[in-house]
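Engineer: Here is the input, now give the coordinates:
(chains A and B)
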Amino acid sequence: MQGCFSVVLLGLIAWALWSTGFWLVQRADWSVVSGNLPLFAVGGYPEALRWRPILWLGLLLLLTFFTLAQPLLLRRGMGLNGTILSWSWLLMMPLGLWLLAGGGVLDPVPSRLWGGLVLTLLLTVFSGVIALPLGVLLALGRCSELTTARQLSKIYIDGMRAVPLIAVLFFGQLLLPLFLPVQIEISRVLRAVVAFGLFAAAYVAEDVRGGLQAVPSTQSEAAAALGLGPWQIQRLVILPQALRIAVPALTNQAVGLLQNTSLMAILGLVELLGISQSLLANPTYIGRHLEVYVWVAALYWLLCTAMALMARQFERQDTSQPIAETRS
Amino acid sequence: MTVAVRAESLKKSFNAGNPALDDVSLSVRHGEVLAVMGPSGSGKSTLIRTFNGLESIDSGSLEVIGIPLDSNHDDRQIRRIRRRVGMVFQQFNLFPHLTILQNITLAPIQVKKIPKLQAEDRAHALLDQMGIADQAQKFPAQLSGGQQQRVAIARALAMDPELMLFDEPTSALDPERVKEVLDAMRKLAADGMTMVVVTHELGFAREVADRVLFMDGGRVVELTDAEEFFTQAKEERSQRFLSQMHY
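Structural biologist: Numbering: from 1, shown residues only, chains lettered A, B, ... in the order given. Below you'll find the model as predicted:
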């Protein structure tokens, strides 16, 4: 009976693999992807200036490679200094913004022309930049002894978590401009980033709070006994430990954030999913849905995997916990 | 002789239960080693934790290294005291995310604003004094319990304290590791450091302490000369405790 079942199951798996492979190699028409690679990468960015976002993507790719290959390179004595690597990642943020938006020696490019993979990455990175510090502050507030700070953080976190992301995004895109004076016009990308950041901060706050609570209270006692003040204790002793504990949960958030940027397609931003949809609206590519979506899914998978791998490597590098080496 | 700690009728109770401290009065002289002994739950730890403000007092008056500390729990006064009073905990409480060197230099750099290089020189000297000079770049988790506790002592000494508080410093150690920590403390006492030590190590207390404070149920049972305490304790409760500890 069991043998029969195994045979049937194996047959089904083989059939699924074969038909998928057959479709990928034989039936699918990848010209829709291969003919539009620049579009997927940078969207409707002015053609003459495409080198700028593509240069950024290239640098990110290079940095990702170096980061992931770090343990191997270190073993051969060719690794980059960890500090240099961290600073390079930090530098990538302002650099990307400058390359994309222009300014100084570069011609300015309005944000409505940004798109594709570059926009997806930009939305993710910059909403993360808003969400992380805000989330840490909210977590500290929530664990604070001050009643006002604690209540405010609690209201914010519970409020944000009770609203679906898509509602927050609609609020940012449609309602926010109504409340602001007419003279102030914020670009759609900025509105999206802010809405994303504010939303994610509530979740980040809960992850960090978990980390804060996992640090034993004897740690702050020991720090206090040395004469450190309350802020020094948080900044130098508690937070560094809490954030390390929160890394797996925060990676989760980062991956979720990246995938959720695809919701912006509904609101008309042409990030990776948005550009795919506008491409499919072109009559030339009628019936090529499957190819485009498989390609986009593969890209998302690649990005998320790279992120997860880097996070795991960061955890493994943490020499202060020798146990972690054996467990992961 | 000046006084390091002066406590008068300290009272403290945790959420209206049995009093943790009940009318405790004592004084610790400069350069003296005072051993605080007693059964568990007798209020020993609570007492020395009031000396640097880790526990507040309900009533009574307390003066540590010349700084008054009352039941108002004034944060600024407490920080002034903590800068000059070192504490060593039962569970070491080193900072696991920092190297040994960083553990020791953290407070001197952040609180006393000592230049980093100078603080590191001092830290190396202290590690050398503790016999663990070669461990500076390791993390706490890579050290044995005895080594960690010696780092904790060095961390407290780095602030150049006038008074050192020890809260059962050897109770969490393997029996084999107890001696190395006690030896470090012996050396410290010989150098004239004022020390208040909560301990169950009878031998250490008898040899190193000048006086013994024996507590039970939050009250001072006896406060006498160390040699006298171990040879002819006056109170029946102390005698019972000593005979229990011996066998």
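Engineer: which residues does residue 64 contact?
Structural biologist: Just going to use chain A. Shown in contact with residue A:64 (Cβ atoms under 8 Å, 6 or more residues apart in numbering or on different chains): A:306, A:310. Where C-beta positions appear, they are placed from N, C-alpha and C, glycine not excepted.
Engineer: switch to chain B, that's the one I care about
Structural biologist: Residue B:64 touches B:4-5, B:51-52, B:81, B:85, B:163, counting by Cβ under 8 Å, 6+ apart.
Engineer: Most neighbours out of those, which is it?
Structural biologist: For these, the largest number of neighbours (other Cβ atoms under 10 Å in any protein chain shown) sits with residue B:85, at 28 neighbours.
Engineer: check contacts around that one.
Structural biologist: Neighbours of residue B:85 in contact, by Cβ under 8 Å, 6+ apart: A:225, B:51-52, B:64-65, B:161-165.
Engineer: What residues are bridge-paired with it?
Structural biologist: residue B:163 (DSSP bridges).
Engineer: how close does it sit to residue B:166?
Structural biologist: To residue B:166, residue B:85 is 12 Å away according to Cβ to Cβ, to the nearest Å.
Engineer: Contact residues of chain B facing chain A?
Structural biologist: B:52, B:54, B:79, B:82-83, B:85-87, B:89, B:91, B:93-98, B:106-107, B:110-111, B:139-142, B:155-156, B:159 (Cβ under 8 Å from any Cβ of the partner chain).
Engineer: which ones among those residues are found in helices?
Structural biologist: B:79, B:82-83, B:106-107, B:110, B:155-156 (DSSP state H).
Engineer: Looking at these, which two lie furthest apart in space?
Structural biologist: Across these, the longest distance by Cβ to Cβ is 17.2 Å; it joins B:79 and B:155.
Engineer: Between the two, which has more neighbouring residues?
Structural biologist: residue B:155 (28 against 17).
Engineer: Tell me the confidence at the more buried one?
Structural biologist: The model reports residue B:155 with a pLDDT of 96.
Engineer: With residue A:240 instead?
Structural biologist: According to the prediction, residue A:240 has pLDDT 93.
Engineer: you'd agree it is up against residue B:102?
Structural biologist: No - using Cβ atoms under 8 Å, residue A:240 is not in contact with residue B:102, being 10.8 Å away.
Engineer: Among the contacts of residue B:85, which ones are in strands?
Structural biologist: If you go by DSSP state E, the contacts of residue B:85 have B:64, B:163-165 in strands.
Engineer: Can you name the residues in contact with stretch A:41-59?
Structural biologist: With contacts defined as Cβ under 8 Å, 6+ apart, stretch A:41-59 is touched by A:38, A:92, A:95-96, A:99-100, A:102, A:106-107, A:109, A:113-119, A:121, A:270-271, A:274-275.
Engineer: Kindly report the same for stretch B:32-43.
Structural biologist: For stretch B:32-43, contacts defined as Cβ under 8 Å, 6+ apart pick out B:4, B:20-22, B:24, B:26, B:28, B:44, B:47-48, B:189, B:193-200, B:204-205, B:208-219, B:221, B:226, B:241.
Engineer: Could I get the phi/psi values of residue A:42?
Structural biologist: Backbone geometry at residue A:42, expressed as degrees, to the nearest 10, gives phi -130, psi 0.
Engineer: Provide a list of residues in contact with residue B:182.
Structural biologist: Contacts of residue B:182 by Cβ under 8 Å, 6+ apart are B:170, B:201, B:204.
Engineer: re earlier: widest-spaced pair of the contacts of residue B:64?
Structural biologist: B:4 and B:52 (12.0 Å).
Engineer: Helix, strand or coil: sort out the residue located most distally from the centre of chain B for me.
Structural biologist: In terms of distance from the mean C-alpha position of chain B, residue B:117 ranks first, at 28.3 Å (Cα atoms, centre = their mean). What DSSP: H, G, I helix; E, B strand; the rest coil gives for residue B:117 is helix.
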